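Asks: Make a model of this:
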Amino acid sequence: MAASMRVVGLSLSRSSNSFKTVYVSQRCYLSAEAATKVPHENTARQMQTFASLQTERQEEASRTVLINCPKGVNEKKFIKYLSRYGTVKKYFFYETYGPHAVVEFSELESVMSLQAESTIAASEHECAVPFKSRLFSLKLSNPREQPAASRPLVHISRQSTIPINELVEKLSLSGSIDQQLNTLTEEYQLTEENIRLRFLVCSLVKDITSAYFPECSVKPFGSSVNSFGKLGCDLDMFLDLDGISGKNTGKASSPFAIEFQMKRVPSKRIATQNILSVIGECIEQFGPGCVGVQKILNARCPLVRFSHQPSGFQCDLTANNRIAIKTSELLYIYGNLDPRVRPLVFSIRCWAHIHGITSRIPGAWITNFSLTMMVLFFLQKRNPPIIPTLDQMKNIAGAEDKCTIEGHDCTFSSDLSKMKLAQNTEMLDNLLLEFFTFYGNFAFSKASINIRKGKEQNKPESSPLHIQNPFEQELNISKNVNQSQLERFVNLARDSAWMLQQDTVCSPSRSESHPWGLAALLLSSALQSGSKGKRRKQREPASERIKFLLESLKTKQTNKSDLNLSHSNGKNSATES
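Replies: Model (predicted):
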C-alpha cells in the first residue's frame, strides 16, 4: 500500500496554475486567523450536548480535504488557489511525512468540484489504484519560479505533548498547585486542530465503508471525544450500521411488503467479524496512507487496527460497540460538569504514567480508563459531592434519554443544566492531596468502586482491584490488574500524599529551577528520596530484593538523566496513552 500511496494522485489540468494536486497519504501549522478563533469556538462547543457536537463535527469533516504540500508553499497563494473551487471556511497546516493542510470548504460541492477537475497521475513503473479519496498532494508546477522571499513559514501548532523535562520546568514557574494542574491540562489536552483531524480521518474511512454500506457512519469514540484525550492518543473508530434505513418495524399497512434479500449468518458477532474482515481488506488495498493493517477478529470486541500515516494516528476500527459510544458521552458530561474534573484527571494520569503505574503496552497495569473511573468515584465521595452518580443522572433523564443496549441500561440525562449539586469549594491542591490520601487508605481487599452508586460495595470476585463497568455491570474493567501493580499504586499514592504535606514541596520555590508541588511529584527521584525512613522495612523474598536492587540502580541512572534533561533543549519526550 505504501507504494501505491506514492503513485496514486490527482493532477489539475489547468496549465496556467502554479500548483497541481495529487492523492497521498505530526507537528501542526495553524493559520494566524484560525488561531484567534479557537478559544471562543471551544467555549461555545462546551455548551453543546455530546450528540449535537459529534453531528456538527462530522458535517464539517465531510466538507474537508487533506492535502500534502511541498515545503516552502506560500500560504496566501495556496488558499487563493483553492478558493477557485469555493469558499475556504477554515484551514490549518501540520507536518508528518512532510507538510499537510487540512482545508474545510463552506460547501460540499467545492470538494466535488476539486475531485471532478483532477486526473490520476501516470507512473511508468507502477500502477495506481484508482480510488478517488479526499486525500491529495500539492505540487509546484514551476518550483524555480517561486522566489525564496515568497515562502514565508506558516504558523505552527503542536500535535504532540512537550517533553517531560520542559513540563516540569513550566510547572515549577507556576504560582500555585491549582495553576500547575491547569497548566498541565492545557499542555496535554487535544487541540481544536487535532480533534478536527481525527474527525476527518473517520470521514475518510467512511468514504471506503460507504461503498458497501452507503448509509453507514464512522464515528470516533474514547479519548478522541470524551474530553480526556491527550495529544498522541490512539484514534478509536466505530462503524455504525444501525442507522441504515428500511428495518422492519413489524407494522403492516398494506397486504404486501417488499423486503431486501440479504445474507444470513448464525450470530451478530459473526456478522461483525465478516464485515470488519472485508472492510479491513478494503482499507489495506484501497485506503491511501493506511499501512500495517491488522484484522483482530477473535478479540472480545473484533477490530481492524492500522496506522494512518498522513495524520500520524494509530487507528482501531470496531463495529457493534455502541456501549463504548455511551461511555464516551458519559465521560464527556463528567468532564464538562465542573472545571476541576479534567485538570485532576489529566494530572493523576500523567503522574501514573511517569511512575509506570499505567502503560501503553497491554499487561497487568492499571489502565487510563480505570484511573479515570477512580478519580470520578473520588469526586463523588467528597462532602458535598462534586459530581453526581450515574444513578442520579438516570433519575433526571427525560424520555429522549432512554437507552438500552443489548439488555444493558444506558440511560442518563445529557442535559448539563439539570445537574445541580451542593456547592463544593475545594481547591485543586486539596483535591490532589485528598485523592492520594483516599486511595492510599482504600480497602481494596474488600471494596469495589462503583460510579453508578457512588459508594463502595462488597467485591463480587477476588480480583485485587475491582471497578464496576458503569453499563455492563457484571464486568470488572480492572480485572487485568495484579496484586503487585495495585500495591505499587497504593505505595506511590501514600508517598505522594506525604510529600504534598511537606512545606518544602507544597509551597512555591524561591529558586525558579527547583521543582515543587505537582512538578516535584512528577520526578521519580523526589518520590524515592521522600519515602526514605518513612516506610517500615519488610522482609521480602530474595527474588524480590534482587529485583528491588536492580530497580534502584536503574532509578539512580534515571536521576542523573533527569538532571541532564533539565538543562537540555528538550530533544527527548515522554509519551502517554
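
Asks: Please make it C-alpha for all contacts and neighbour counts, starting now.
Replies: Fine.

Asks: next structured bit after the one helix or strand residue 372 maps to?
Replies: When elements are assigned from DSSP states H and E, residue 372 belongs to helix 368-380. Sequence-wise, the next helix or strand downstream of helix 368-380 (DSSP H and E) is helix 390-395.

Asks: Might you calculate how far the helix holding residue 372 sits from the centre of the chain?
Replies: Between the centre of helix 368-380 and the centre of its chain there are 17 Å (Cα atoms, centre = their mean, to the nearest Å).

Asks: what does that helix rub up against?
Replies: By Cα atoms under 8 Å, 6 or more residues apart in numbering, the residues outside helix 368-380 that reach it are 341, 344-345, 348-349, 358, 385-389, 435, 438, 449-451, 454-455, 467, 477-478, 577.

Asks: Can you tell me which of these end up in helices?
Replies: Of the positions in the contacts of helix 368-380, 341, 344-345, 348-349, 435, 438 sit in helices, assigned by DSSP state H.

Asks: picking up where we left off before, for PyMOL, what selects the buried ones among the contacts of helix 368-380?
Replies: PyMOL command restricting the contacts of helix 368-380 to the buried ones, with burial defined by 16 or more other Cα atoms under 10 Å:
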select buried, resi 341+344+345+348+349+358+385+386+387+388+389+435+438+449+450+451+454+467+477+478+577
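
Asks: Quick check: nearest residue in space to residue 108, chain neighbours excluded?
Replies: In space, and not counting its chain neighbours, residue 108 is closest to residue 63: 5.0 Å by Cα to Cα, 6 or more residues apart in numbering.

Asks: show me the contacts for that neighbour.
Replies: Here residue 63 is in contact with 104-108, 110-111 (criterion: Cα under 8 Å, 6+ apart).

Asks: what would those look like in JSON lines with distance to residue 237 and neighbour count?
Replies: Converted to JSON lines, the contacts of residue 63 look like this (distance: Cα to Cα, whole Å; neighbours: other Cα atoms under 10 Å):
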{"residue": "104", "distance to residue 237": "21", "neighbour count": "24"}
{"residue": "105", "distance to residue 237": "24", "neighbour count": "23"}
{"residue": "106", "distance to residue 237": "25", "neighbour count": "16"}
{"residue": "107", "distance to residue 237": "25", "neighbour count": "17"}
{"residue": "108", "distance to residue 237": "23", "neighbour count": "16"}
{"residue": "110", "distance to residue 237": "26", "neighbour count": "21"}
{"residue": "111", "distance to residue 237": "23", "neighbour count": "20"}
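
Asks: Tell me where the stretch 101-250 of the chain is predicted with low confidence.
Replies: Applying pLDDT under 70 to the stretch 101-250 of the chain flags the ranges 143-158, 245-250.

Asks: could you pull out the helices for it?
Replies: Taking DSSP state H, counting those that start in this stretch as the test, the helices found in the stretch 101-250 of the chain are 108-116, 164-172, 177-188, 192-209.

Asks: How about residues contacting the first one?
Replies: This points to helix 108-116. 62-65, 85-87, 105, 132, 134.

Asks: hey, C-alpha coordinates of that helix in CSV?
Replies: Taking C-alpha atoms only, helix 108-116 is exported to CSV below (Å, rounded to 0.1, in the frame of the first residue of the first chain):
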residue,chain,number,x,y,z
LEU,A,108,-19.7,20.1,-0.1
GLU,A,109,-19.9,21.0,-3.8
SER,A,110,-16.5,22.5,-3.6
VAL,A,111,-14.9,19.2,-2.6
MET,A,112,-16.7,17.5,-5.5
SER,A,113,-15.5,20.2,-7.9
LEU,A,114,-11.9,19.7,-6.8
GLN,A,115,-12.3,16.0,-7.3
ALA,A,116,-14.0,16.4,-10.7
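
Asks: do you know how far the residue nearest to residue 108 is from residue 373?
Replies: Applying Cα to Cα, to the nearest Å, the value for residue 63 to residue 373 is 36 Å.

Asks: Likewise for residue 132?
Replies: 43 Å.

Asks: which regions of the chain sit below the pLDDT cut-off?
Replies: Ranges of the chain meeting pLDDT under 70: 1-47, 143-158, 245-252, 509-513, 524-577.

Asks: Need the outlier residue of it, farthest from its centre.
Replies: Centroid-distance maximum for the chain: residue 255 at 51.1 Å, with Cα atoms, centre = their mean.

Asks: Just say helix, strand or coil for that one.
Replies: Look at residue 255: counting by DSSP: H, G, I helix; E, B strand; the rest coil, its state is coil.

Asks: which residues sit in contact with residue 335?
Replies: 226-228, 341-342.

Asks: secondary structure element for it?
Replies: Taking DSSP H and E as the criterion, residue 335 maps to helix 322-337.

Asks: Compute the inter-axis angle for that helix and helix 368-380.
Replies: Comparing the axes of helix 322-337 and helix 368-380 via axes from the mean of the first three to the mean of the last three Cα atoms, to 10 degrees yields an angle of 40 degrees.

Asks: which is the next helix or strand following the helix or strand that contains residue 77?
Replies: Element membership of residue 77, judged by DSSP H and E, is helix 75-82. Using DSSP H and E, the helix or strand that follows helix 75-82 in sequence is strand 88-95.

Asks: partners of that following strand in the sheet?
Replies: Sheet partners assigned to strand 88-95 using DSSP bridges are listed as strand 27-30 (antiparallel), strand 99-105 (antiparallel).

Asks: starting at the chain centroid, how far to the host helix or strand of residue 65?
Replies: Assigned by DSSP H and E, residue 65 belongs to strand 64-68. Here strand 64-68 shows a centroid-to-chain-centroid distance of 21 Å under the convention Cα atoms, centre = their mean.

Asks: and it, what does it pack onto?
Replies: strand 99-105, strand 135-140 (3 or more Cα pairs under 8 Å, 6 or more residues apart in numbering; DSSP states H and E).

Asks: is it possible to export those strands to a markdown table including distance to residue 331?
Replies: Listed next are those as a markdown table, based on distance: least, Cα to Cα, whole Å:
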| stretch | distance to residue 331 |
| --- | --- |
| strand 99-105 | 28 |
| strand 135-140 | 32 |
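
Asks: Quick check, residue 232 in contact with residue 188.
Replies: No. Residue 232 lies out of contact with residue 188 (Cα atoms under 8 Å); the separation is 9.1 Å.

Asks: shared neighbours of these two, anything?
Replies: residue 161.

Asks: Surely residue 277 and residue 298 touch.
Replies: No. Using Cα under 8 Å, residue 277 is not in contact with residue 298; the gap is 11.0 Å.

Asks: Give the helix, strand or coil label for the closest residue to residue 483 other than its chain neighbours.
Replies: Distance criterion Cα to Cα, 6+ apart; nearest residue to residue 483, sequence neighbours excluded, is residue 464 at 5.4 Å. When classified by three-state DSSP, residue 464 comes out as coil.

Asks: separation between residue 464 and residue 481?
Replies: For residue 464, the distance to residue 481 - Cα to Cα - is 7 Å.

Asks: The closest residue to residue 222 other than its chain neighbours: what's it in contact with?
Replies: Spatial nearest neighbour of residue 222, chain neighbours left out: residue 328 (5.3 Å); criterion: Cα to Cα, 6+ apart. By Cα under 8 Å, 6+ apart, the residues touching residue 328 are 221-223, 225-226.

Asks: now those residues as TSV including neighbour count and distance to residue 428?
Replies: Listed next are those as TSV, based on neighbours: other Cα atoms under 10 Å; distance: Cα to Cα, whole Å:
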residue	neighbour count	distance to residue 428
221	21	28
222	24	25
223	23	23
225	24	24
226	22	21
